[in-house]
Structure formats: C-alpha cells, structure tokens
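Trainee: based on what follows, work out the 3D shape:
(6 chains)
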4 protein chains.
Amino acid sequence: MAESRKQLIVEAACACFLRKGYHQTGVRDIAAEAGISLGNLYNHFSGKEAVLAEIAALEAGDLAPFIAHLQAEGDPAAALTRFAGAYLDFAGRPENALMTLELVAEAVRNPAIAATFAGNRQGLLAALVGLLEQGGDSGRLRRCAFPAETANVILDLVEGQALRAVLGEVAQTAPARAELLDFIAHALQVA
Amino acid sequence: MAESRKQLIVEAACACFLRKGYHQTGVRDIAAEAGISLGNLYNHFSGKEAVLAEIAALEAGDLAPFIAHLQAEGDPAAALTRFAGAYLDFAGRPENALMTLELVAEAVRNPAIAATFAGNRQGLLAALVGLLEQGGDSGRLRRCAFPAETANVILDLVEGQALRAVLGEVAQTAPARAELLDFIAHALQVA
Amino acid sequence: MAESRKQLIVEAACACFLRKGYHQTGVRDIAAEAGISLGNLYNHFSGKEAVLAEIAALEAGDLAPFIAHLQAEGDPAAALTRFAGAYLDFAGRPENALMTLELVAEAVRNPAIAATFAGNRQGLLAALVGLLEQGGDSGRLRRCAFPAETANVILDLVEGQALRAVLGEVAQTAPARAELLDFIAHALQVA
Amino acid sequence: MAESRKQLIVEAACACFLRKGYHQTGVRDIAAEAGISLGNLYNHFSGKEAVLAEIAALEAGDLAPFIAHLQAEGDPAAALTRFAGAYLDFAGRPENALMTLELVAEAVRNPAIAATFAGNRQGLLAALVGLLEQGGDSGRLRRCAFPAETANVILDLVEGQALRAVLGEVAQTAPARAELLDFIAHALQVA
DNA sequence: AATGAATGAGTGTTCATTCAT
DNA sequence: TATGAATGAACACTCATTCAT
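Mentor: The predicted structure is shown next:
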C-alpha cells in the first residue's frame, strides 16, 4: 500500500524527469502526474531530491539480471559479447539512457546521488571484472593488466553508444551495434 | 572591445556553470562573477541560454588542434595512440569534462545546443575516420566495417574515462590511462 | 484519562511555544512532542488556537496562591512587599515570563485570549486593590486616588522586571530585585 | 530616492505588522501595501526579517528627542515628571505600543532584533540614569542604590501602562496617567 | 555600453485541518 | 480514541527578463 504510493510517485517523477529534465520539473509537475496533491507528496518523500535519490536507488534492481548473467557458466568470450549486447539493449532504451544522463549530471554536485550511482555500477563492475579474470585465466580472453579499468572501459563503450543512439547521433543502430561488439571482441581477444 | 566583453561574460559563466551547474546558476550569478551589471549582460547576450550556446560554440576552437594532429602524416597506429592520449589529457581536465557533461545534458532538450555540440564532434570524428581508413588502407590498422562508428566508440572511450576520472571513480590515473590506450590499440591492431 | 490526555498535549504545547514561539510552532510539533498522532490531537482540541486558549485558562490556577496571599491578615505594607517578591519569583521564571509575553502578543488580535488573560489578571488586581485600600484605611500605606490603577502599576513593575530578567537585560538579579521592592515601598509609604 | 523606496516599504510593513502581526503578515501583504511588486521588495531588503530589523533600527530616531529632553537643565524632579508624561504620550500611541510589543516578542528568539532593541533602550536608560544621579546629588530626588535598575523600572512603568491603555485594560486614561506620575513622584521623592 | 530598479510567475516547502480507517 | 494519508492554500524567496535612465 504505502509502497505502492511511493512507487506511483517515483513513476510519475521518472516520466517528468525524462520529459523535462530534473531541474525543469517542478514538484507540482510530479504530484500532478501522479494524480496526488502537492502536500501529500511530502508525506512520502522529504522533497524533490529524495525522489531522485529513490530513482537512483531503484536502478540497482534493474542491473541485477545483468550481474547474474555475467556470473553464469560458459565461454567467457561469448558471455562477454552476450552481456555487451544485452546491456546495450537495456542502456539504449531512451528512458534508461536519459535517466542515467540525468543522474550523472546530478551526481556531480550531489554526493548522495553520486554514492548510490557508484554503488549500482560497482556491482556490475565487479561481475565484469570476474568474467575478465576468468577469461584471462582460461586463456579465452586477453589478460588485462588492470581488469577493473578494462571493465569500466567496456561499460563506458556500451553506455556511450546507448546515449548517442538516443541523442540521434547514431543513424542506423544495427551496424553500430555490430561495430561496437566487434570492437570489444577484438580488444580482448587472445593474440 | 565588444568581443572582450563577451569573452569576459563567457568566462564568468563557465566558472559559474562548473561550480553550480547550468540550471542552478542564475543570470545574476554570471553578471556578478563577470563584475558587470545584470542589465548589461543583456546588451551582449540575449539571455542565459545564449551564453551557454556561445560556450558550446567556442568548444570548436579547442578541438581544432586535435583535428590537425589527426591529419598529420606518419604511422596511423602511433598517431591514433598519440591522439587518444592527448585527447584524454584534454578531456580529463575537470573544467572540460564537467562542461561537456553539462552541455550534453542540456543538448537533450535544446536543439540549438545539440546542433552545435554535434557539429563540434563531427570535425573530430571526420578526422578520426580519415585516420582509421588510412590505417586500414595501409594495413597498419585493422579495417573496420563502419569506421564512423568506430571513431565514435573511440571518442566515447576517452570521454568516458575522462568523466570518470573527474567524478572520482578512477583512483590511479596512470594505469587507467595505460589500460585505455592498450584497449584501443588491441581493438584496432591487425590480426 | 481524557483529562490527562489534554494535559499531556498542553504541556507539550507549552514546551513548543516556549522553544519556538506560538506562530513558529506547528500542530505537528505539538503532536510529536506529546508523542501522539497528528489527527488525535484534534480529538482533544479543536485546533492550535484552542490549545493556546487552554494554556491561558490554566494560568488562573497559578495565580490563585498569590490572591490568597494578598487576602491574608497582617501588616499591609509587609504583605505588599512579600507579595511583590513572591510574584517576582514566579513571574521571573523563564517559562512564565515568556509564556506571558506570548499570550499578551496573541491577545492583541485574539479576543478570546484577551478575555481569558484579562480575567486572570482581574483576580490578582482585585486582591491587590483590596490590600491597597485596607492599607490606606489603616494608615499603613499612602492612600491612592485610583487604587485600581496603582495595582496595575505594581503588577507592571514586577512583570516588567521579570521579563527583562529573562531577556537578559538585567545582569544581577538580587540588586535589581531589592531596588524594585524599595521602589514600590517608597511609592506607597505614608509621608 | 532609494531611501524613499526603503521608507515606503518600511511604512507599509509597519501598517501590516500593526494590523495583522509580524508572523501573520506575508511578504506579499507588505509589497501590496507598498504598491510595489513582490520581487522588487527583495531589491531593497534581504527578506521579511530585514524589514523588521529596519523598523527596530528606526525606533532609535524616535527616542532621540526624549534623550535630549532628559539631558536638559532644570529641576530633576520636574524633569522626571515631564519626561514620564511625554514618554507615556509617545509610548501610548497604539502604533508605538503595539510595534514595541511585536518587537519584544520577536526579540526573544531573534538576537539581531534583540540587540537593536536593547541598543535603543540603552540610550534612553543612560539619560535617565544621569537624571536620577543628578537628582540624587542635588538632593532633589531620593538617592537610589541602583539607579540603572530604577531607570529600567520607570520605563517599565510607563511602557506597561501604555500597553495596557492600548489593550483596553485601562478605561479612563487621564486618572491612570495621573496615578502613574504620582506613583513615580512618590517613589523618588526625598523623605 | 551601462546601470539596477521593477516585474510577476515560478520555486520548493510547510501549514492547519479533514477524513477514512 | 487513535492513526497518518490526504488536501490545497499559503509561505518566504528566486527567477529570467525588461526598461527607464
């Protein structure tokens, strides 16, 4: 019940933030979108910022499947390509790409958001590092000197293309997607 | 003279935007930082958004040296690595990384900013594509199916790490930098 | 039971009003201080104003002992000095001085509070007038032309110094107290 | 010019504070009363509190004549009575009595107001102490052990009656006034 | 080119109170 | 009696922009 109320507000806020941006969205916009009164919003959240923080926190749940994916058995190289493709699909959905951008921009000056955001990414990163190391150990992937940084680089690649796709800088998605996966594969393949 | 006034305002605005963010900065803040009166700012810019647009436009100038760099003669593989390193240095400076983030976030809902921003990147991209094709032709770099996308991917990589460095997600910069350049080198080296 | 609930709320309200002032105190503050729910407060009082009215009404009880004191037998001059001292002790307690100030300020625009407040004072005043007249009749005190006004003046004196003591405008209390009692004694002594 | 704008706002604020009380007055009320826009008020004052602070500061000017009065030559006893009467006339004007009450109530929790208020009173107090000491030296007034406290007591008396007159607790003003002056005279006359 | 007073819509937030449970 | 979600008007204050000087 109470949970559903918060969820309702969070979903309304997401819609608003995506449509107008965090700073351009008023608390009134969120309340109206949620169909509740302005004052009532404050019975569920301490303020506008708390709503954004909740959104950031909820991202962790969305990332969990990918982490599970990365930890599954199988050929590391194939797993890496599969992950990159799946994560690209996820991150490339406009609502995800734009909300991530909104959160990163806010994280710059909001330590709470930054911490939540970093925490979310950390889980994904750790799983990816695990895969890279396993791949290096088994000789199926090039051994990286700094797997942690390589993992970050892979996420950057995927998220970067995802964002560009949404911003309209990438015309045809299919070739771009193929090129990206190819790039990663070549970068990590054994010589 | 008039130009120097505009420049003064632009610099003040940059300082404000970096310190507080675009939306959190008031026109009053910019005028105060520039040491001019509020009303006078409107004699030089049509409004707050025009100041940001000018900042976006001025970025083109900063990118020109890198374009020249990319077009210079020499071994494409070495040129690519050199470019990546130099561009990482540039993009990794806090003022550049944060301003780029600010501009990207604004570009999402501001077509004028988006167009300027895309134009700036296009120059860099074209030069990078030229290098990739030249490398492919000469057999010094792996031939990519879609060089345009590969070029984008390289810029994403560099800019992504640059941003992470500023956000504090990258502890030691030197190994991260090495890993990044290595990643690019492996991704594009001939098999 | 019900009475104790009201009392609990009144005490919580007093604490809040003294700490933050009447207008700066929210009904939520009172409920929280009382440890009850917001809605439940309205089962016991019709609103915030009614709580203040109750506080004003309860002041009458605090004043009763002084009235009794004034009506006791004995030398009027000594009784007057004794009363002034005792009343100064009472009125000088921070909670009393500040609550009186809060009530007076509110009484200006709230007839109900004004009436209650005046009623409380009236009892004290009448007793004091009785003492002055008795003192005048017996020749132990100077006969005043308008004992009612003189009584008011005496109360003003005591309450004024009490308030000043709380506001920190009176450094040492003991000499101030002596001076005040002396002042009253001289003003009313037979020539 | 600018001064007249501030003055206009101060006068509007006075009218509002007297009519509705400080906390019940909104900044919009003040702006409307002054006939200016809401935002413009903030070009002249940093906020609502600053307006009240200015009002408190301006009180000093109103008190100056009384200080001059007290420092004039002549019989101390007569001067004292004359001062008390004149100050009673001043303090008894509704706008003065009510604004003083408003300021005292606010001073309890606002150190800035408290300091200004105390400063204003200090000037009056010092002059009054001077008169009492001069009266004591010349044998025209009873010598007080603590003239500073006696001076406070006299001001309390006058201000107390002034406030009561405004609150309607004093029916006929003339006898009350006479009684008050008589009270002071007796309290300080030589035995 | 320069000033800063002027505007009023807009901001996030708190308010006293009601009401279904 | 008790709860706390719900309401929307009210709050002090900031905003980008205009304009007379």
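Trainee: how far does the biggest helix by length in chain A sit from its chain's centre?
Mentor: Secondary structure of chain A per DSSP state H: the longest helix is helix A:111-138. Relative to the chain's own centre, helix A:111-138 is displaced by 12 Å; criterion: CA atoms, centre = their mean, to the nearest Å.
Trainee: and what of stretch A:32-50?
Mentor: Worked out by CA atoms, centre = their mean, stretch A:32-50 lies 25 Å from the chain centre.
Trainee: that stretch near DNA strand F anywhere?
Mentor: Yes - with CB under 7 Å from any atom of the strand as the criterion, DNA strand F is reached by stretch A:32-50 at A:36, A:37, A:38, A:39, A:40, A:42, A:43, A:44. For glycine as for every other residue, the C-beta is placed from the backbone atoms N, C-alpha and C.
Trainee: domains of chain A?
Mentor: A:1-45, A:56-188 (automatic domain parsing).
Trainee: so where's chain A uncertain?
Mentor: Applying pLDDT under 70 to chain A flags residues A:1-3, A:171-172, A:191.
Trainee: what do you get if the cut-off is 50, keeping everything else the same?
Mentor: Within chain A, the stretches with pLDDT under 50 are A:1-2.
Trainee: ok, which residues in it are in contact with chain C?
Mentor: Residues of chain A lying near chain C by CB under 8 Å from any CB of the partner chain: none.
Trainee: how deep is the closest residue to DNA strand F within chain A tucked in, by neighbour count?
Mentor: Closest approach between chain A and DNA strand F, counting by CB to the nearest atom of the strand: residue A:39, at 1.9 Å. Applying other CB atoms under 10 Å in any protein chain shown, we find 8 residues neighbouring residue A:39.
Trainee: what do you get for residue A:94?
Mentor: 13.
Trainee: surely it touches residue A:167?
Mentor: No - assessed by CB atoms under 8 Å, residue A:94 is found out of contact with residue A:167, at 9.8 Å.
Trainee: one step back: against which helices or strands is the longest helix of chain A packed?
Mentor: Helix A:111-138 sits against helix A:48-71, helix A:76-91, helix A:94-107, helix A:147-167, with contacts defined as 3 or more CB pairs under 8 Å, 6 or more residues apart in numbering or on different chains; DSSP states H and E.
Trainee: so which of the residues of stretch A:32-50 next to DNA strand F is surrounded by the most neighbours?
Mentor: Going by other CB under 10 Å, residue A:44 tops those with 19 neighbours.
Trainee: and that one, backbone torsions?
Mentor: For residue A:44, the backbone dihedrals (degrees, to the nearest 10) come out as phi -120, psi -20.
Trainee: from residue A:76, how far out is the residue lying closest to residue A:5 once chain neighbours are set aside?
Mentor: In this structure, residue A:5 finds its nearest non-sequential neighbour in residue A:44, 5.6 Å apart by CB to CB, 6 or more residues apart in numbering or on different chains. For residue A:44, the distance to residue A:76 equals 44 Å [CB to CB, to the nearest Å].
Trainee: residue A:109 too?
Mentor: According to CB to CB, residue A:109 stands 38 Å off from residue A:76.
Trainee: look at these two and report which has more neighbours.
Mentor: Legend: neighbour count by other CB under 10 Å for residue A:109 and residue A:76, higher for residue A:76 (22 against 13).
Trainee: just checking, that one touches residue A:139?
Mentor: No - in this structure, residue A:76 is not within contact of residue A:139 by CB under 8 Å, at 9.6 Å.
Trainee: shared neighbours of those two, which are they?
Mentor: Where contact means CB atoms under 8 Å, 6 or more residues apart in numbering or on different chains, no residue is in contact with each of residue A:76 and residue A:139.
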